[in-house]
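1. Sharing a sequence plus its predicted fold:
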Amino acid sequence: MYFYSAPENFNEEMLRGKRVIVTGASSGIGEQMAYHLARMGAHVLLTARTEAKLQKVVERCLELGAASARFVSGSMEDTAFAEEVVKEAENTWGGLDMLILNHIGNSYFNYFDGDVDHIRKLLETNFLSYVAMTVTALPMLKESEGNIVVVSSVAGKAGGPFVAPYSATKFALDGFFSSLRHEFIIDNVNVSITLCILGYIDTDSAMRAVSHAIKVAPSPKEECALEIIRSGALRQRELHYPPGIVSGMLLLRGLAPGFLDTLIRSNVVVENVQRAPPPHGTRVPLAGSPGSGR
Ligand SMILES: NC(=O)C1=CN([C@@H]2O[C@H](COP(=O)(O)OP(=O)(O)OC[C@H]3O[C@@H](n4cnc5c(N)ncnc54)[C@H](OP(=O)(O)O)[C@@H]3O)[C@@H](O)[C@H]2O)C=CC1
Ligand SMILES: C[C@H](CCC(=O)NCCS(=O)(=O)O)[C@H]1CC[C@H]2[C@@H]3C(=O)C[C@@H]4C[C@H](O)CC[C@]4(C)[C@H]3CC[C@]12C
């Protein structure tokens with residue numbers, strides 16, 4: 001069986017009255033998802049660290065027609081906070097229909113600097129908190145036959161330069177959630193898992209981090225956010241956005257991985273990626289300098 005009772009066509013009415021958690025909702029794609037869901041008449045529970053931003057997003061959601069909108073602020077570095085957010089949904093709504101896991105912690109677009117603690121911390125934020133929220137939400141999602149939506153990246157399917165810590169956390173999501181999806185199907189658990197494989201999107205933080213060094217044009221965050229909600233509601237296995245570019249990359253990954261690697265590197269202006277000087281006597285460079293042939 002491919003997937004239980006997946007609807008074929010998306011209709012915004014599908015989200016009316018649904019109870020949805022969106023993480024990383026104070027900016028970027030998460031903020032845009034909150035606005036789409038509000039317009040569709042959903043109940044939204046939003047989370048991120050910055051209370052002042054969340055307050056504004058909640059106000060806008062109410063203006064746009066959300067059935068209800070509230071927020072909980074805190075850091076996903078702490079899995080106890082991740083669980084707390086889901087419990088807030090349980091206490092407020094008594095159930096949950098859709099869990100959208102979207103937040104990421106700060107990282108860098110540069111040569112891997114050898115900082116193992118940064119990877120550990122990023123795994124807590126970008127991966128373990130996703131697992132913790134899923135575990136706590138599962139009884140409610142089973143009850144509602146709901147949806148888990150996991151926002152990932154092409155960097156979680158194919159390695160590229162300068163995103164080693166980030167890429168590791170996104171690959172971890174694929175491994176975990178793809179395995180869990182099998183178990184749900186084997187056990188007839190009617191909870192869908194949608195893994196969203198995104199290319200470069202024009203959010204402020206992504207543009208700040210990479211616009212000086214990436215040759216391809218970013219895709220619009222508003223459309224991206226709508227496609228994520230749509231694919232979750234349709235219970236799709238994976239979303240590829242923007243579709244042509246991402247699906248093409250994944251096809252090449254199977255057919256000609258070496259060629260895909262060359263293509264990925266050719267889209268990066270390596271000269272514009274400045275190697276940060278290591279703090280005095282602490283870090284050893286792990287790769288040759290740009291142009292040294294490594
Ligand atoms: N933009 C892009 O080009 C791409 C993005 N993606 C994926 O899309 C998703 C959204 O990315 P994007 O919108 O660009 O990112 P943004 O930086 O715009 O948003 C990140 C969100 O996460 C929150 N956040 C940051 N740190 C923490 C933390 N420690 N605990 C809890 N929340 C935190 C931020 O709010 P606050 O600071 O208030 O906590 C913010 O709401 C991510 O999963 C990303 O990997 C995938 C591919 C490409
Ligand atoms: C570097 C980003 C990590 C998140 C972050 O820390 N943002 C704040 C930076 S700021 O302090 O300056 O504001 C990455 C988040 C999304 C990444 C992009 C992505 O996932 C798609 C492409 C994957 C490819 O392998 C490399 C290029 C990407 C556009 C990639 C670039 C790094 C991110 C923007």
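-> Yep, it's here. Ligands and ions are numbered 1, 2, ... in the order given.
2. Which residues of the stretch 1-150 of the chain lie near ligand 2?
-> Ile104, Asn106, Ser107, Phe109 (CB under 6 Å from any ligand atom). Just so you know, the C-beta spots here come from the backbone N, C-alpha and C atoms, and that holds for glycine as well.
3. quick one: pLDDT of Ser5?
-> Ser5 is assigned 61 on the pLDDT scale.
4. now swap in the one 3 residues further on and tell me
-> The confidence metric pLDDT takes the value 84 at Glu8.
5. Could you check how far the nearest residue in space to it that is not next to it in sequence is from Gly199?
-> If the residues on either side of it in the chain are set aside, Glu8 comes closest to Leu234, at 7.6 Å by CB to CB, 6 or more residues apart in numbering. Separation of Leu234 from Gly199 (CB to CB, to the nearest Å): 20 Å.
6. Give me the three-state assignment for Cys196.
-> State at Cys196, reduced to three classes by DSSP: H, G, I helix; E, B strand; the rest coil: strand.
7. And for the nearest residue to it once chain neighbours are set aside, the neighbour number?
-> Once flanking residues are discounted, Cys196 sits nearest to Leu239: 4.4 Å by CB to CB, 6+ apart. Leu239 sits with 24 neighbouring residues when counted by other CB atoms under 10 Å.
8. Going along the chain, name the helices of the stretch 151-294 of the chain.
-> 164-186, 204-210, 221-233, 243-255, 257-266 (DSSP state H, counting those that start in this stretch).
9. repeat for the stretch 1-150 of the chain
-> 28-39, 51-64, 79-93, 116-123, 129-144.
10. now the angle from the first one to helix 221-233?
-> Here helix 28-39 runs at 70 degrees with respect to helix 221-233, directions being taken by axes from the mean of the first three to the mean of the last three CA atoms, to 10 degrees.
11. wait, does helix 28-39 make contact with ligand 1?
-> Yes - contact of helix 28-39 with ligand 1 (CB under 6 Å from any ligand atom) involves Gly28, Ile29, Gly30.
12. quick one: low-confidence ranges for this protein?
-> 1-5, 277-294 (pLDDT under 70).
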